[in-house]
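Trainee: Kindly generate the corresponding structure for this input.
(4 chains)
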There are 2 protein chains.
Amino acid sequence: MAYQDKGLGVPILRRLPMYLSLLKEYRSQGQELVSSSQLAGDLNLESIQVRKDLAATGIVGKPKVGFPVDSLIESIENFLGWDNASDAFVVGAGNLGSALLGYKGFSKHGLNILAAFDNDISKVGKKISGKEVLPFSKLPDLVRRMKVHLAVLTVPPEVAQRTADTLVLAGIRAFWNFTSVQLIVPENIIVENVDLASSLAVLSRKLSLALERSE
Amino acid sequence: MAYQDKGLGVPILRRLPMYLSLLKEYRSQGQELVSSSQLAGDLNLESIQVRKDLAATGIVGKPKVGFPVDSLIESIENFLGWDNASDAFVVGAGNLGSALLGYKGFSKHGLNILAAFDNDISKVGKKISGKEVLPFSKLPDLVRRMKVHLAVLTVPPEVAQRTADTLVLAGIRAFWNFTSVQLIVPENIIVENVDLASSLAVLSRKLSLALERSE
DNA sequence: TAGATTGTTAATCGATTAACAATC
DNA sequence: TAGATTGTTAATCGATTAACAATC
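Mentor: Sure, this is the predicted structure:
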């Protein structure tokens, strides 16, 4: 296991937001305690898996009683670093970039989008969902001055690698990569891919098997 | 293993599009044969993993020679059903729905978007990236008449479950779910979630570990 | 033939699930 | 105390990696 991944299983990380969203629903309904079996039932998981996952975040429950909803929420948010959102720039203000700029909920998911960058003159200077669109030329300097570590990459595939190279030089440490390009970056740089093609692969295969079966 | 998943490992499925895109690049450069170690090198994988993955699609290579690029492409596309794209409706023509309507490449990934649906009167009747936006009220009938099996769900979270219920009744068999809602659907209905929160969870955790380390 | 690369069989690793003891 | 639920230790399962025989 790479040092980078210490103590963390990716499958567990992927489930934590599911717990979090459910727990917030419980809280809004005034529920103060929850058992692993309730969480499991509502998420179609096994209760033992829920307990293992929660244990990974460091929280301890009380036998017979369960887990306090409030402190579970707190633990998970803290574990993910979502109690202290990271500043980010959206790079590429096309359709997808604009859609991401429009999401209100990211700050609750650890992401604080400051502004967007694009080279299209018809966009620069305008605002999208309240965030300014700045020219790409200002990006390296602003990354440095504002100590922004995270870039949401939504540029066209042709310029993805080149853009990433520039951002790495400017000091970006992590990419949320929405392009279809497998970025090549130095070892210490983090890339999380939102890979629609792989998602479609899973879906296509399941659908074609299901349709075959029902003919 | 559920019947639905027969013979298919999800991790393998997720890697197939990576091979495919690389293979097309080789082809465009006139390369006719490829070894598992070349693919592995270019994708940062182990060659044995590449061989296992390819074997899963049913293709056989030739010892000493490698795999013919052309027939590899064909096998993978056929295995995924991407040689015969499924018709789909985009449900919800907001920012994200519009972004998806704008992607030209989906037909090469097994997805043929026919039209979009929305209830917003200012959108209905217009076109987005050349696709018509129709009123939601026409959706159930069109799903039936056009035998559309797949819905790309990009509605607001508040109406996601209700919309899915309606679509299931109309005959939709699979959802590509871009909402943050865990849909509850009958057993035989397929849901593939594009879960940005879980992706952000992985990213946040890695970033906070990396930043901690470099302080 | 010799050598490179595939495909197969076995070993390892990590994630999930099961069994059960600890405890409020 | 009794019972429910947690947390721990062990078993299972699937995916990845390693070793090597088959073959063009």
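Trainee: quick check: domain ranges of chain A?
Mentor: Domain ranges of chain A: A:10-80, A:86-198, per automatic domain parsing.
Trainee: Please see if the longest one touches chain B.
Mentor: Yes: on the criterion C-beta under 8 Å from any C-beta of the partner chain, domain A:86-198 is in touch with chain B at A:86, A:94-96, A:98-99, A:102, A:105-106, A:109-111, A:149-150, A:173-174, A:176, A:180, A:182, A:188, A:190, A:192, A:194-198. Any C-beta I mention is one placed from the backbone N, CA and C, and that applies to glycine too.
Trainee: Is residue A:174 bridged to anything, and to what?
Mentor: Under DSSP bridges, the beta-bridge partners of residue A:174 are residue A:150, residue A:190.
Trainee: isn't it right up against residue A:152?
Mentor: No: counting by C-beta atoms under 8 Å, residue A:174 stays clear of residue A:152, with 9.9 Å between them.
Trainee: Let's check: the centremost residue of chain A is which one?
Mentor: Taking C-alpha atoms, centre = their mean, the centroid of chain A lies closest to residue A:109, which sits 7.0 Å from it.
Trainee: How about the contacts made by it?
Mentor: By C-beta atoms under 8 Å, 6 or more residues apart in numbering or on different chains, the contact list for residue A:109 reads A:17, A:82, A:85, B:196-197, B:200-201, B:204.
Trainee: from the residues you listed, which are also near DNA strand C?
Mentor: Counting by C-beta under 7 Å from any atom of the strand, nothing from the contacts of residue A:109 sits close to DNA strand C.
Trainee: Just the buried residues out of those residues, in ChimeraX syntax.
Mentor: Selection of buried members from the contacts of residue A:109 for ChimeraX, criterion 16 or more other C-beta atoms under 10 Å in any protein chain shown:
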select /A:17,82,85 /B:196,197,200,201,204
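Trainee: Using CSV, please lay out the contacts of residue A:109 together with secondary structure.
Mentor: Formatted as CSV, the contacts of residue A:109 follow (DSSP: H, G, I helix; E, B strand; the rest coil):
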residue, secondary structure
A:17, helix
A:82, coil
A:85, coil
B:196, helix
B:197, helix
B:200, helix
B:201, helix
B:204, helix
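Trainee: Save the contacts of residue A:109 as TSV, and put in pLDDT too.
Mentor: TSV is the format used below for the contacts of residue A:109 (pLDDT from 0 to 100):
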residue	pLDDT
A:17	97
A:82	96
A:85	95
B:196	96
B:197	96
B:200	97
B:201	97
B:204	96
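Trainee: Which member of the contacts of residue A:109 is positioned nearest residue A:134?
Mentor: Taking C-beta to C-beta as the measure, residue A:134 sits nearest to residue A:85 out of the contacts of residue A:109, at 20.3 Å.
Trainee: What distance do you get for that closest one to residue B:204?
Mentor: Per C-beta to C-beta, to the nearest Å, residue A:85 is found 9 Å from residue B:204.
Trainee: Give me the common contacts of these two.
Mentor: A:109-111.
Trainee: Show me where chain A has its strands.
Mentor: Assigned by DSSP state E, the strands in chain A fall at A:33-34, A:67-68, A:86-91, A:111-118, A:127-128, A:131-135, A:150-153, A:174-177, A:190-193.
Trainee: For the fifth one, which helices and strands make contact with it?
Mentor: It stands for strand A:127-128. Here strand A:127-128 touches helix A:95-102, going by 3 or more C-beta pairs under 8 Å, 6 or more residues apart in numbering or on different chains; DSSP states H and E.
Trainee: can you list contacts of the helix it packs on?
Mentor: Residues from elsewhere that reach helix A:95-102 (C-beta under 8 Å, 6+ apart): A:90-91, A:93, A:106, A:113, A:116, A:118, A:128-129, A:131, A:152, A:154, A:178, B:94-96, B:98-99, B:102.
Trainee: circling back: in ChimeraX, select just the buried ones from the residues of domain A:86-198 next to chain B.
Mentor: If you want just the buried ones from these in ChimeraX, going by 16+ other C-beta under 10 Å, the selection is:
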select /A:86,94,95,96,98,99,106,109,110,111,149,150,173,174,176,180,182,190,192,194,195,196,197,198
